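Participant: can't give you the sequence, but here's the structure:
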């Protein structure tokens, strides 16, 4: 089990096609603090550098969501992907 399995499980239970979670809410879900790297938009980008494995990205993709850090720098928009892997 990795640190982001709880996030994957949370996302799998969601019925909304798109929603926003604050960093604080994500930390509650995973039961741990997010790393400082989470402040970088690229850390959340589900579709960037797919050859590099990142556990938070893998959790989102496994649940069928793409993640994008919001401009406020303190929240993330999760968008359900279509079956073909696109938004």
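Facilitator: That came through, no problem. Computed from a prediction, not measured in an experiment: that's the story for all the values here.
Participant: Return the list of helices and strands in contact with the helix or strand bottoming out on mean pLDDT in the chain.
Facilitator: For the chain, scoring each helix and strand by mean pLDDT, DSSP states H and E identifies helix 41-44 as the least confident one, at a mean of 86. For helix 41-44, the packing partners by 3 or more Cβ pairs under 8 Å, 6 or more residues apart in numbering; DSSP states H and E come out as helix 55-62, strand 65-69. Just so you know, the C-beta spots here come from the backbone N, C-alpha and C atoms, and that holds for glycine as well.
Participant: Just checking: what are the partner strands of the shortest one?
Facilitator: The sheet places strand 65-69 alongside strand 75-80 (antiparallel), with pairing taken from DSSP bridges.
Participant: quick one: contacts of the partner strand?
Facilitator: Counting by Cβ atoms under 8 Å, 6 or more residues apart in numbering, strand 75-80 makes contact with 11, 14, 16-23, 26, 44, 60, 64-70, 87, all of which sit outside it.
Participant: how close does residue 12 get to residue 29?
Facilitator: Plainly put, residue 12 is 12 Å away from residue 29 if you go by Cβ to Cβ, to the nearest Å.
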